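1. pasting the structure only:
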């Protein structure tokens, strides 16, 4: 197993970095929602006329048809609050260290791990029946505190047609052994509470169809399992989450 030893004196810095990874990377994936990612193609040049009604039925044959929907969604206030026992709130310097993820206070040793073998551990990401259509797009990144794995995150590519839409998609999966705080910026109207494998879960629908960020965050009692997708449906994420939770 490849390891990176981190000096204990840097714990506070690592705590904040690891704790904010959900926010920073989700924000990055949301900014990546574009014509090339989910629309008609990378050569499309979207334009938005003043007369376009975002609530009207979309004409998906037109380049940039989804742009008014993304614009209307971006103009809505971002939800902050609790769903299914999960705090949907951004991370910033005001968040106490013991709420920001990473190693708990009092940790004597920590390691960052970058190796597929972490997925064999109880907290690892195992996709079950989706292993053939959801492919790893890099090694998992994990954090071990005093010999115990406390968090894992990994990127995956979704094969065309498998995520509920015609094109390919992507999923970033986070698992944490402790804490119930995660951040995906989106309006309240796209959030709802449901269940995954008998566990409470916060669910975020895409903006329209498979356009826009979707998410499922499962309350795992002491921690959570979060799936953040692009170009995939919420139903697909719930199905993948059920496999992971088995």
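-> Looks like it came in fine. Every value quoted in this text rests on a predicted model; they were computed, and no experiment measured them.
2. residue 165 contacts residue 209, doesn't it?
-> Yes: contact criterion C-beta atoms under 8 Å: residue 165 and residue 209 qualify, at 6.4 Å. From N, CA and C alone the C-beta is placed, and that goes for glycine too.
3. between these two, who's got more neighbours?
-> A direct count of neighbours by other C-beta atoms under 10 Å for residue 165 and residue 209 places residue 165 higher, at 19 against 16.
4. list the contacts of that one.
-> 38, 209-210, 231-233 (C-beta atoms under 8 Å, 6 or more residues apart in numbering).
5. by mean pLDDT, flag the weakest helix or strand of the protein.
-> Least confident helix or strand, the chain: helix 35-38 with a mean of 34, by mean pLDDT, DSSP states H and E.
6. residues in contact with residue 221?
-> Contacts of residue 221 (C-beta under 8 Å, 6+ apart): residue 199.
7. give me that answer again for 10 Å
-> By C-beta atoms under 10 Å, 6 or more residues apart in numbering, the residues touching residue 221 are 85, 180, 199-200.
8. filter the residues you listed to the buried ones?
-> 180, 199-200 (16 or more other C-beta atoms under 10 Å).
9. flag the shaky bits of this protein, pLDDT-wise.
-> 1-56, 94-101 (pLDDT under 70).
10. okay, buried residues for stretch 109-128 please.
-> 110-113, 118-119, 123-125, 127.
11. my guess is residue 117 is in a helix, correct?
-> Yes: counting by DSSP: H, G, I helix; E, B strand; the rest coil, residue 117 is part of a helix.
12. just checking, it touches residue 144?
-> No: using C-beta atoms under 10 Å, residue 117 makes no contact with residue 144, being 11.9 Å away.
13. look up which helix or strand residue 155 falls in, please.
-> strand 148-158 (DSSP states H and E).
14. and after that strand, which helix or strand comes next?
-> Following strand 148-158 in sequence, per DSSP H and E, is strand 169-176.
15. so which residues of this structure form strands?
-> Remark: strands assigned in the chain by DSSP state E are 3-5, 81-83, 86-88, 110-113, 134-136, 141-145, 148-158, 169-176, 181-182, 191-196, 199-204, 214-220, 223-230.
16. can you redo those as CSV with distance to residue 63?
-> Supplementary listing: these in CSV, determined by distance: least, C-beta to C-beta, whole Å:
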stretch, distance to residue 63
strand 3-5, 45
strand 81-83, 35
strand 86-88, 33
strand 110-113, 43
strand 134-136, 29
strand 141-145, 37
strand 148-158, 24
strand 169-176, 20
strand 181-182, 34
strand 191-196, 30
strand 199-204, 26
strand 214-220, 23
strand 223-230, 19
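17. residues near residue 76, how many?
-> 12.
18. verify the stated contact: it with residue 212.
-> No: applying C-beta under 10 Å as the test, residue 76 and residue 212 come out as separate, 11.9 Å apart.
19. overlap in contacts, the two.
-> With C-beta under 10 Å, 6+ apart, residue 76 and residue 212 have common neighbours 186, 190.
20. nearest to residue 103 among the strands of the chain would be which one?
-> Across the strands of the chain, residue 103 has its closest neighbour in strand 141-145 (3.8 Å, C-beta to C-beta).
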